[in-house]
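1. What follows is a predicted protein model with its sequence.
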Amino acid sequence: MDATNLSPQLLTTVLKNAFILYCSSVIVLPILSVFQERRIWKSHLLPSISPFGLLKVFLFNVLWMGLTLVGGLLLLPKFLLGKFLGFDCQYEAHLVERITGRICCLCFVCPKVEIQGIENLPDEGSVPAPVYVANHASQVDLSVVYFLGKRFKWISKDSVRYLPGVGLIMTLSQHVFIVRTGKNKKSVSNLYQQSKNAIQSGLPMFFFPQGTRRMSVRLPFKDGAYRVAMENESPLVPVSINIPLTCWNSWYPLCLLWGGSVDNVVLTVHKPIPAKEGMDKEELKKKTYEAIFSVVPLIGEEVKEFKKKK
């Protein structure tokens, strides 16, 4: 058998093995997520995650990656066809995200997400669309915000696109990926342009302005969300995410078998704050910061960096 006959077979084998490796990583990569979440809770101010809690974190991520992988693969033909016929599958991909987020939360975190201030949510399709800003403490945040029932675009680090399932569905949803380190001037410019395109088409942006997850420290807010809101004159909608300290260590969902109690995650939607060009960015950051943390118990240190306007 000559080389010309072997090449297609070799290519098929390589692609097949690569696909199997990609799908099987749904079981392996969640282990890294367990270590990340464990590090967040590793503070003398917080309860250490129990072995059962670590198992829940692992299964939470396996389910998240698995469901988004199945949904993404089902939508992939439409996505590829749309490249030639001029349509996309953003809406369907968002539905996969919303369903996945809710299922993961209901299976491993709590039986209900309580929402307060739901009347403060802006109407769907308003232009310019709002910019949501929320505190970021845990992986749980990413699932519970889907209980708001609103479609939006995330800002995410570029490496997330390579995660099995999650990266695929986020690519199909056309979320905004940025490079956080090194020469990222083009990436930052892309962030503002894509955010503008989404907002001016009636699709909200969702930011975690702290930039990273922390449970025991309240980090100051970064500028990105506020620049986007001011440039597009979008209302800022502060959202508080209150995660109970028993989140991972409770025996939920097993405790439902004997009628045990569970602390629910609470989302609080605050009144929109107008943002206009020329406003004091630091003042906007201060207003949203104070609104968000007004209903979130202080666990550890609070770090504020709001500069006075000269």
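-> Now that the structure is in, tell me what you want to look at.

2. How far away from the center of its chain is stretch 68-87?
-> 21 Å (CA atoms, centre = their mean, to the nearest Å).

3. quick check: mean pLDDT across it?
-> Mean pLDDT, stretch 68-87: 94.

4. Can you list the buried residues in that stretch?
-> 68-72, 75, 79 (16 or more other CB atoms under 10 Å). For every residue, glycine as well, the C-beta is placed using N, CA and C.

5. And stretch 114-126, by the same measure?
-> 115, 117, 121-122.

6. Among the buried residues of stretch 68-87, which one lies nearest to residue 56?
-> Set against residue 56, the nearest of these by CB to CB is residue 68 (18.4 Å).

7. Over to that closest one: give its phi and psi.
-> phi -70, psi -30 (degrees, to the nearest 10).

8. next one: phi and psi at residue 245?
-> According to degrees, to the nearest 10, residue 245 has phi -70, psi -10.

9. That one against residue 43, yeah?
-> No. With contact defined as CB atoms under 8 Å, residue 245 does not reach residue 43; the gap is 11.1 Å.

10. Where do the helices of the stretch 51-200 of the chain begin and end?
-> 51-85, 90-108, 140-144, 166-173, 185-200 (DSSP state H, counting those that start in this stretch).

11. re the thing from before, will you turn the buried residues of stretch 68-87 into JSON lines that also has distance to residue 298?
-> Shown next, in JSON lines, are the buried residues of stretch 68-87 (distance: CB to CB, whole Å):
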{"residue": "68", "distance to residue 298": "34"}
{"residue": "69", "distance to residue 298": "38"}
{"residue": "70", "distance to residue 298": "40"}
{"residue": "71", "distance to residue 298": "38"}
{"residue": "72", "distance to residue 298": "39"}
{"residue": "75", "distance to residue 298": "42"}
{"residue": "79", "distance to residue 298": "44"}
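
12. which residue ranges form the strands in the protein?
-> Under the criterion DSSP state E, the chain contains strands at 113-116, 131-134, 153-157, 176-178, 205-207, 217-218, 236-242, 265-269, 301-302.

13. give me the low-pLDDT residue ranges for this structure?
-> Low-confidence segments of the chain (pLDDT under 70): 1-6, 180-187, 300-310.

14. middle-most residue in it, spatially?
-> Closest to where the C-alpha atoms of the chain average out (CA atoms, centre = their mean) is residue 142, at 3.9 Å.

15. who touches the nearest residue to residue 250 once chain neighbours are set aside in this structure?
-> Distances taken as CB to CB, 6 or more residues apart in numbering put residue 262 closest to residue 250, at 5.9 Å, once the chain neighbours are dropped. Shown in contact with residue 262 (CB atoms under 8 Å, 6 or more residues apart in numbering): 110-111, 246, 250, 252, 255-256.

16. Could you list which of those residues belong to helices?
-> When the contacts of residue 262 are checked against helices (DSSP state H), there are no matches.

17. now, the most widely separated pair of those residues?
-> Maximum pairwise distance among the contacts of residue 262 (CB to CB): 14.5 Å, between 246 and 256.

18. More neighbours: those two, which one.
-> Taking other CB atoms under 10 Å, residue 246 and residue 256 do not tie; residue 246 has more neighbours (15 against 11).

19. Quick check: the more buried one vs residue 291, distance?
-> Using CB to CB, to the nearest Å, residue 246 is found at 25 Å from residue 291.

20. what do you get for residue 113?
-> Applying CB to CB, the value for residue 113 to residue 291 is 19 Å.

21. who's in contact with the closest residue to residue 75 other than its chain neighbours?
-> The spatially closest residue to residue 75, leaving aside those adjacent along the chain, is residue 89, at 4.7 Å (CB to CB, 6+ apart). Residue 89 sits next to 75, 78-79, 82, 172 when contact means CB under 8 Å, 6+ apart.

22. Return the member of these nearest to residue 15.
-> residue 79 (18.2 Å).

23. Pretty sure that closest one sits against residue 90.
-> No. At 9.4 Å, residue 79 does not count as touching residue 90 under the criterion of CB under 8 Å.

24. Spit out the residues that contact these two alike.
-> Common neighbours of residue 79 and residue 90, using CB under 8 Å, 6+ apart, are residue 172.

25. hmm, back to that, who wins for proximity to residue 153 among the helices of the stretch 51-200 of the chain?
-> Judging the helices of the stretch 51-200 of the chain by CB to CB, what sits closest to residue 153 is helix 185-200, at 5.1 Å.

26. The closest one - contacts with which helices or strands?
-> Under the contact criterion of 3 or more CB pairs under 8 Å, 6 or more residues apart in numbering; DSSP states H and E, helix 185-200 touches strand 153-157, strand 176-178, strand 205-207, helix 224-232.
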